[in-house]
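Peer 1: Take a look and give me a structure for this.
(one chain, ligands or ions: 2)
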Amino acid sequence: MTEAKKLFVKTYGCQMNVYDSERMAEALGAKGYVTTEVVEEADMVLLNTCHIREKASEKLYSDLGRLRALKAERPGMKIGVAGCVAQAEGEEILRRAPVVDLVVGPQAYHRLPQMVEAGTRVVDTEFPVEDKFAHLPERRSLRGPTAFLTVQEGCDKFCAFCVVPYTRGAEVSRPVARLLDEARKLVDQGVREITLLGQNVNAYHGAGPGGTWGLARLVREMAGIAGLDRIRYTTSHPNDMDDDLIAAHGEVAQLMPYLHLPVQSGSDRILKAMNRKHTAEAYLRLVERIRAARPDILLSSDFIVGFPGESDADFQATLDLIRAVGFGAAFSFKYSARPGTPAAEKTPVPAEVADARLQELQALITTQQQAAQQAMVGREVEVLYEKPGRRSGQMVGKSGHLHAVHVDDPEGRIGDMVRARVSASAPNSLAAELISRIA
Ligand code: 5AD
Ligand code: SF4
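Peer 2: Ligands and ions are numbered 1, 2, ... in the order given. Below is the predicted model:
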């Protein structure tokens, strides 16, 4: 018997890439590849890249530099570049990095097995008309009790700073029946929590029984799958939070009380320049409606500081919005000019100004995050164990509010759901005492 070939996958960027990496590994599994965590023993290295900010993009070339030395010692090793940098730069990657054997875009990776077989250097960054998901092998759960499920890809919003509409293409929603089937199969393999993914997940409009379904209807239907205890979704656009989805947060017990709802800025002038198509006030009103449906919901967001033209007053308006909402967490970024996007033509804010703003914003968010965690102390939470903790006899999992929670539980196993009382808040996690085992 020939030994299985080993595949090492490195994932950069967002959760959609994590999902794609799993599916690419499964596609190559059909060609006899098994995954490895040790790059030195790999027969194939696949870098699943991110193009969202300049720094994320640059990582590819520094990693390729390191892989060149490794490949010199392991002739026959193949190197593939996938994801959004592959889509954006295509042939250019082969030119810049002779070490690369294949380049595959996010819409063409179902063709990876043929590409590997081709034996020559190949690029496939097409947006084929066929649905790649229909050509992929069935899911195998790879990450224990939680799984991602991509329900929608691409974006039609064209925020002025963002490359996604160019690298991932127009919005496409997967059909309801396929998603329910994939979800059921994940649950059959022990998955208890599914996060529905999409670049604009709440714009989901998939073909389903009786017509087009929105995200709320999909969530309600998934909640009927026995054994699926938790549902989350990400990433959402404020303008796509429709009444039904807001209502679902109050009505569907499986829908967890955490919502990532990027706002980017609190200044109407900047929001307009970003082509976000809503005001700060509209976002605040939306938050009120979501909280009316689910009062304990924890909100997180994305912010960009230093967008071209951002004045001190604009930045203060962002801080005001953050104070008005009170977030449980947030991701914040310095604006990064991306080739081909409208904002890239504009004069940037000086780097030192953007740096100082980022620090100030992050300090405010940290304060809010700590306050949200502190507010959990003394409360009962349900924790789904994802892995053992660092201390022996300890397990780590997530609460409904997506806090990482450490529980002393020598009998605990990955995949257990327990009730626990929060006893303390650390910088990025909570500690809790076991009350009872739920199942
Ligand atoms: N510069 C900085 N941040 C960006 N994001 C998207 N494009 C850029 C850019 N050019 C951020 C946004 C988005 C998150 C995924 O990445 O905040 O919500
Ligand atoms: Fe990018 Fe805006 Fe689409 Fe989000 S909504 S993926 S930020 S263009």
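Peer 1: how about the residue of the chain found nearest ligand 1, secondary structure?
Peer 2: When scored by C-beta to the nearest ligand atom, the chain has Asp302 as its residue closest to ligand 1, at 3.3 Å. In this view, the C-beta of every residue, glycine as well, is placed from N, C-alpha and C. Here Asp302 is recorded as strand under DSSP: H, G, I helix; E, B strand; the rest coil.
Peer 1: Might you list the low-confidence residue ranges for the chain?
Peer 2: 1-2, 141-142 (pLDDT under 70).
Peer 1: which bits of it sit near ligand 2?
Peer 2: Contact residues (C-beta under 6 Å from any ligand atom) of the chain with ligand 2: 155, 157-159, 162, 164-165, 199-200, 237.
Peer 1: Please pick the buried ones from those residues.
Peer 2: Neighbour-count burial (16 or more other C-beta atoms under 10 Å) applied to the residues of the chain next to ligand 2 gives 155, 157, 159, 162, 164-165, 199-200, 237.
Peer 1: circling back to that earlier point, what subset of the residues of the chain next to ligand 2 is also close to ligand 1?
Peer 2: Among the residues of the chain next to ligand 2, ligand 1 is touched by Cys162 when using C-beta under 6 Å from any ligand atom.
Peer 1: The buried ones among the residues of the chain next to ligand 2: which two are farthest apart?
Peer 2: Using C-beta to C-beta, the two most remote members of these are Pro165 and His237, lying 12.3 Å apart.
Peer 1: and which of the buried ones among the residues of the chain next to ligand 2 is nearest to Thr49?
Peer 2: For those, the nearest to Thr49 is Val164 (13.5 Å; C-beta to C-beta).
Peer 1: close enough to count as contact, Leu180 and Glu221?
Peer 2: Yes. With contact defined as C-beta atoms under 8 Å, Leu180 counts as touching Glu221 (6.5 Å).
Peer 1: hang on, the earlier thing: skipping adjacent residues, who's closest to the residue of the chain closest to ligand 1 in space?
Peer 2: Distance criterion C-beta to C-beta, 6 or more residues apart in numbering; nearest residue to Asp302, sequence neighbours excluded, is Pro262 at 3.7 Å.
Peer 1: ok, now Ala313?
Peer 2: The nearest residue in space to Ala313 (C-beta to C-beta, 6+ apart) is Ser267, at 7.4 Å.
Peer 1: tell me the contacts of that neighbour?
Peer 2: 280, 310, 313-315, 317-318 (C-beta atoms under 8 Å, 6 or more residues apart in numbering).
Peer 1: Neighbour count and secondary structure added to these, as TSV?
Peer 2: Converted to TSV, those look like this (neighbours: other C-beta atoms under 10 Å; DSSP: H, G, I helix; E, B strand; the rest coil):
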residue	neighbour count	secondary structure
Ala280	20	helix
Glu310	25	coil
Ala313	9	helix
Asp314	21	helix
Phe315	25	helix
Ala317	20	helix
Thr318	27	helix
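Peer 1: Which members of the residues you listed are the farthest-apart pair?
Peer 2: Ala280 and Glu310 (13.7 Å).
Peer 1: tell me, what's touching the two both at once?
Peer 2: 265, 267.
Peer 1: How is this protein divided into domains?
Peer 2: 5-124, 135-361, 380-438 (automatic domain parsing).
Peer 1: right, so of the ones you listed, which gets closest to Thr367?
Peer 2: Using C-beta to C-beta, those put domain 135-361 closest to Thr367, at 9.7 Å.
Peer 1: Around ligand 1, pick out the residues from the stretch 251-400 of the chain.
Peer 2: Residues of the stretch 251-400 of the chain lying close to ligand 1 by C-beta under 6 Å from any ligand atom are 262, 264, 302, 304, 333, 335-336, 338.
Peer 1: please redo it, this time with the cut-off set to 8 Å
Peer 2: Taking C-beta under 8 Å from any ligand atom as the criterion, the neighbours of ligand 1 within the stretch 251-400 of the chain are 262, 264, 302-304, 331-338, 341, 343.
Peer 1: In this structure Gly340 contacts Tyr166, no?
Peer 2: Yes. Counting by C-beta under 8 Å, Tyr166 is a contact partner of Gly340 at 5.7 Å.
Peer 1: so what's in contact with the two at the same time?
Peer 2: What both Gly340 and Tyr166 touch, as defined by C-beta under 8 Å, 6+ apart, is the set Ala88.
Peer 1: more crowded one of these two?
Peer 2: The neighbour count for Gly340 versus Tyr166, taken as other C-beta atoms under 10 Å, is higher for Tyr166 (17 against 10).
Peer 1: Quick one: name the residues of the stretch 101-250 of the chain near ligand 1.
Peer 2: So the stretch 101-250 of the chain meets ligand 1 at 159, 161-164, 235 (C-beta under 8 Å from any ligand atom).
Peer 1: Which ones among those lie within helices?
Peer 2: Of the positions in these, Val164 sit in helices, assigned by DSSP state H.
Peer 1: quick check, nearest of the residues of the stretch 101-250 of the chain next to ligand 1 to Gly389?
Peer 2: Out of these, the member with the shortest distance to Gly389 (by C-beta to C-beta) is Thr235, at 28.8 Å.
Peer 1: neighbours of Ser301, just the number please.
Peer 2: The burial count for Ser301: 23, using other C-beta under 10 Å.
Peer 1: OK, contacts around Cys50?
Peer 2: 12-14, 17, 56-57, 83-85.
Peer 1: That should have said Phe315, apologies.
Peer 2: Per C-beta under 8 Å, 6+ apart, neighbours of Phe315: 267, 305, 357, 360-361.
Peer 1: and the two most separated of those residues?
Peer 2: The distance between the two most remote of these (C-beta to C-beta) is 14.8 Å, for Ser267 and Glu360.
Peer 1: Return a ChimeraX selection command for the buried portion of the residues of the stretch 251-400 of the chain next to ligand 1.
Peer 2: The ChimeraX selection below is limited to those of these classed as buried (16+ other C-beta under 10 Å):
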select :262,264,303,304,332,333,334,335,336,338,341,343
